[in-house]
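Colleague: Here you go, sequence then predicted model.
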Amino acid sequence: MKPEAAALRRAAVVAVKVPKTAPAVPPQCWMLSGMSDFERRCTGGWTQGTGGSPWSFSLLELPREQSISSLAVDYCGLETVLHMTCCHQTRDEITSNLHKAKRLGLKNIMALRGDPMGDEWEEEENGFCHAVDLVKHIRSEFGDYFDICVAVISPNSSPCLSGAESHLRRSERHAQQVKVMMGQASWRLNLVRNLRGHVVQPFLGTPLSSLPNHFPPRLCWNVAINGYPKGHPEAASFEEDLQHLKEKVSAGADFIITQLFFQADTFLNFVKACTAMGITCPILPGIFPIQGYHSLRQLVKLSKLEVPQEIKDVIEPIKDNDAAIRNYGIELAVAMCQELLASGLVPGLHFYTLNREVATVEVLKRLGIWNEDPRRPLPWAVSAHPKRRVEDVRPIFWASRPKSYIYRTQAWDEFPNGRWGNSSSPAFGELKDYYLFCLKSKSPREELLKMWGEELTSEESVFQVFTYYLSGEPNQSGHKVTCLPWNDEPLAAETSLMKEELQKVNQRGILTINSQPNINGKPSTDPIVGWGPSGGYVFQKAYLEFFTSSETVAALLQVLKKYELRVNYHIVNVKGENITNAPDLQPNAVTWGIFPGREIIQPTVVDPVSFMFWKDEAFALWIEQWGKLYEEESPSRMIIQYIHDNYHLVNLVDNEFPLDNCLWQVLEDTFELLSRPAPQ
């Protein structure tokens, strides 16, 4: 039996606009990454605008909607719905794009006819004329591999138009789905969110903990279709439009998304009409929280939607007060959503944000379905790519750079599941393209200089940057250090458990880039270190990774002789000269979890072989992201170059996790040894 459509495993859909140019892609993807931090199970969708012109993105050289969607899947952990149109594409071109989508791991399709470039629709030679033809083609060529969604415009019957006016009307209706002030920008992303750790029908009320721990779940491809609850503008009647909608569902569509409306009865009456017509698939309502007077007027002008008089009466007196209108829009949306959800006819909610998500978040919070603290399925950020669905173990080195890890392993056909194993030659891809969004810092150069120093005067200046990052206090210029080349996000919550110790060692030249405390059987629901299903227990070995000078390494090696049986270490310089006591280069599990009725899960390992691949990236970041902020041959650039050339990268593991972390004592002994007078 075919699994339920991916989009119906979530409780709400949030629509935002996708950028039109390559420079705008990284900020959009970082925004999506932030949204995935709120929710671990999300679905995104991209729709093609009037004419559907494809756009090449430098990373993948694919049509615009596919490249952005693949980035959302791979690097942001968001399942996506790829919106496909019949416009200006032949059957062969559409088939080729579907094969590309499959290769990229895009499993869900929204099938649309699309809008004409001019006033009249002209069928492409050897193409498709209607969305139903596209649905049939997808099912014919790919079977059940996709899940298909279709869409409806509006939930009430309305007078039908004809000729050029009807084509214009349809284009205008479609334009309302995007930020109308952006001209022809008509791309959107739907984020379907798993709220409060529960999913919707047929999993309504099912705790996330009872679902498979791996993200994403095994799914067939979904194909979605648009529905027109007020009737398609080109249809002879509302009944005829419903008949066309039924044909699309019969052809293989899995669910329907509607356009926006202002009253709950509008949608509920439409659902009842669909049911009477024999349409039984799930139908998601389109929700638009009113956020401003002028944007609402423009939206209504373009879409020809009718705003109820009672709404006009409230908005008109406060039209110059955006805050008041937004508050009213939130209250109106909350009341409408409550009525929809109480009806028992609504499997989820679809929100149009026009790239202003604040109101939508507030609506979800007031509905009680906003998850402030989503459960992590694994300790590290997961990818939504289907070929990674069984992946549950990674080397710890990329803990703060998961996008880089995904980029470097994208060519793998299989991913470790259960155990890392004896990886004698992992095929990590080379890392050269630091300009790519997944590898570069999200902060602009000017901001990085304020954080890391307009001018460096010594190695100690670098020590201070690391210390300020850990302390959260403003630096000497009054700016907070919110990232480092190896950590582009704020500190992980578990870092707070050893923050004081980390600050002390960084002040003295132990420049930490990765760490974790030892944990002995904390509940999997622990807000700081918990992960996985509830009812389990998690464990960690203390881990520390840092850069330090050759002099410190020499002293450290002397000290480590006293801890030979307890502490595993691996020390390497930029040339690849390394020292380790790891037995036979075996991986060392440093994070694991025990859950009811399951085998032990070991999601994080210290693998000596992988460490040698990571060291190239770790050293390169000194130059690529920090050193290149300064002019060549400048004192600041030379300081960073010296650290790159002469420091060592070190990782330490304390294997006695039930005991107090001994790594701080190891470093204290090292400092004490360094402070002794040199022998005469």
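Modeller: That came through, no problem. Residues are numbered from 1 along each chain as shown.
Colleague: So for the nearest residue to residue 474 once chain neighbours are set aside, what's the pLDDT?
Modeller: Leaving aside its chain neighbours, residue 474 sits nearest to residue 480 (5.4 Å; criterion: Cβ to Cβ, 6 or more residues apart in numbering). In this view, the C-beta of every residue, glycine as well, is placed from N, C-alpha and C. Residue 480 is assigned a predicted lDDT (pLDDT) of 96.
Colleague: doesn't residue 465 make contact with residue 480?
Modeller: No - counting by Cβ atoms under 8 Å, residue 480 sits too far from residue 465 to count as a contact (11.4 Å).
Colleague: coming back round to it: now for the residue nearest to residue 474, how many residues are close by?
Modeller: 15 (other Cβ atoms under 10 Å).
Colleague: Over to the one 3 residues further on?
Modeller: Counted with other Cβ under 10 Å, the burial measure for residue 483 works out to 20 neighbours.
Colleague: that older thread, please name the residues that touch the residue nearest to residue 474.
Modeller: 451, 468, 472, 473, 474 (Cβ atoms under 8 Å, 6 or more residues apart in numbering).
Colleague: measure the spatially closest residue to residue 606 that is not a sequence neighbour to residue 311 for me?
Modeller: Once flanking residues are discounted, residue 606 sits nearest to residue 588: 4.5 Å by Cβ to Cβ, 6+ apart. To residue 311, residue 588 is 62 Å away according to Cβ to Cβ, to the nearest Å.
Colleague: which of the contacts of residue 480 count as buried?
Modeller: 451, 468 (16 or more other Cβ atoms under 10 Å).
Colleague: Got the domain ranges for this structure?
Modeller: Under the TED database, the residue ranges defining each domain of the chain are 11-155+219-367, 398-675.
Colleague: from those domains, which stretch is densest packed?
Modeller: Among the domains of the chain, domain 11-155+219-367 has the highest mean neighbour count (mean count of other Cβ atoms under 10 Å), at a mean of 20.
Colleague: Now do it, average pLDDT.
Modeller: Domain 11-155+219-367 comes out at a mean pLDDT of 75.
Colleague: do stretch 668-679 as well
Modeller: 91.
Colleague: Other residues contacting that stretch?
Modeller: With contact meaning Cβ under 8 Å, 6+ apart, stretch 668-679 is reached by 508, 551, 552, 555, 556, 558, 559, 562.
Colleague: what is in contact with residue 480 and residue 465 at once?
Modeller: With Cβ under 8 Å, 6+ apart, residue 480 and residue 465 have common neighbours residue 451.
Colleague: was I right about residue 299 contacting residue 292?
Modeller: No - between residue 299 and residue 292 there is no contact under Cβ under 8 Å: 9.7 Å.
Colleague: List the contacts of the helix or strand hosting residue 615.
Modeller: Using DSSP states H and E, residue 615 sits within helix 608-621. Under the criterion Cβ under 8 Å, 6+ apart, residues 395, 397-398, 401, 404, 408, 423-426, 428, 431, 434, 485-486, 513, 547, 570, 572, 574, 576, 578, 580, 582, 585-587, 644, 649, 651 lie in contact with helix 608-621.
Colleague: relative to helix 608-621, how tilted is the following helix or strand past that helix?
Modeller: As assigned by DSSP H and E, the chain's next helix or strand after helix 608-621 is helix 635-646. Angle, helix 635-646 to helix 608-621, by axes from the mean of the first three to the mean of the last three Cα atoms, to 10 degrees: 160 degrees.
Colleague: So residue 370: helix, strand or coil?
Modeller: coil (DSSP: H, G, I helix; E, B strand; the rest coil).
Colleague: circling back: need the CA coordinates for the helix holding residue 615. PDB is fine.
Modeller: Included here for helix 608-621 are C-alpha records, laid out as PDB according to Å, rounded to 0.1, in the frame of the first residue of the first chain:
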ATOM      1  CA  PRO A 608      41.100   8.400  12.500                       C
ATOM      2  CA  VAL A 609      40.900   8.000   8.700                       C
ATOM      3  CA  SER A 610      38.100  10.600   8.300                       C
ATOM      4  CA  PHE A 611      40.100  12.900  10.600                       C
ATOM      5  CA  MET A 612      42.800  13.100   7.900                       C
ATOM      6  CA  PHE A 613      40.200  14.300   5.400                       C
ATOM      7  CA  TRP A 614      38.700  16.700   7.900                       C
ATOM      8  CA  LYS A 615      42.100  18.300   8.700                       C
ATOM      9  CA  ASP A 616      42.500  19.600   5.200                       C
ATOM     10  CA  GLU A 617      39.300  21.500   5.500                       C
ATOM     11  CA  ALA A 618      39.900  22.600   9.100                       C
ATOM     12  CA  PHE A 619      43.300  24.100   8.200                       C
ATOM     13  CA  ALA A 620      42.100  25.600   4.900                       C
ATOM     14  CA  LEU A 621      39.400  27.600   6.800                       C
END
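Colleague: pLDDT of it, averaged?
Modeller: 95.
Colleague: Could you give the separation of the longest helix anywhere in the chain from the chain centroid?
Modeller: In the chain, assigned by DSSP state H, the helix with the most residues is helix 322-342. Distance, stretch centre to chain centre, for helix 322-342: 27 Å (Cα atoms, centre = their mean, to the nearest Å).
Colleague: Can you tell me the closest non-neighbouring residue to residue 548?
Modeller: residue 510 (5.4 Å).
Colleague: Am I right that that neighbour is in contact with residue 667?
Modeller: Yes - assessed by Cβ under 8 Å, residue 510 is found in contact with residue 667 at 6.0 Å.
Colleague: mind checking the SS state of residue 83?
Modeller: Assignment for residue 83 (three-state DSSP): strand.
Colleague: tell me, what residue is most central in this protein?
Modeller: Geometric centre of the chain, nearest residue: residue 76, 2.3 Å, by Cα atoms, centre = their mean.
Colleague: Report the separation between that one and residue 531.
Modeller: 19 Å.
Colleague: again, but for residue 413
Modeller: 27 Å.
Colleague: same deal with residue 573?
Modeller: Distance from residue 573 to residue 531, by Cβ to Cβ: 34 Å.
Colleague: Residue 595 now?
Modeller: Residue 595 is 10 Å from residue 531, by Cβ to Cβ.
Colleague: any common contacting residues for those two?
Modeller: residue 524.
Colleague: what's the host helix or strand of residue 92 packed up against?
Modeller: Per DSSP H and E: residue 92 is located in helix 91-103. Contacts defined by 3 or more Cβ pairs under 8 Å, 6 or more residues apart in numbering; DSSP states H and E place helix 91-103 against helix 64-76, strand 78-85, helix 131-142.
Colleague: Include distance to residue 284 when you put those into TSV, please.
Modeller: Compiled in TSV, the helices and strands packed on helix 91-103 are given as follows (distance: least, Cβ to Cβ, whole Å):
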stretch	distance to residue 284
helix 64-76	19
strand 78-85	11
helix 131-142	17
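Colleague: Figure out which of those is closest to residue 604.
Modeller: helix 64-76 (19.5 Å; Cβ to Cβ).
Colleague: end-to-end on stretch 533-541?
Modeller: 21 Å (Cα to Cα, to the nearest Å).
Colleague: In contact with the residue lying closest to residue 466 once chain neighbours are set aside, which residues?
Modeller: What sits nearest to residue 466 in space, not counting adjacent residues and going by Cβ to Cβ, 6+ apart, is residue 506, at 4.3 Å. Residue 506 is in contact with 463, 466, 467, 470, 512, counting by Cβ under 8 Å, 6+ apart.
Colleague: follow-up on the earlier one: who does the helix or strand that the helix holding residue 92 is followed by pair up with?
Modeller: Sequence-wise, the next helix or strand downstream of helix 91-103 (DSSP H and E) is strand 108-112. Next to strand 108-112 in the sheet, as set by DSSP bridges, lie strand 78-85 (parallel), strand 222-227 (parallel).
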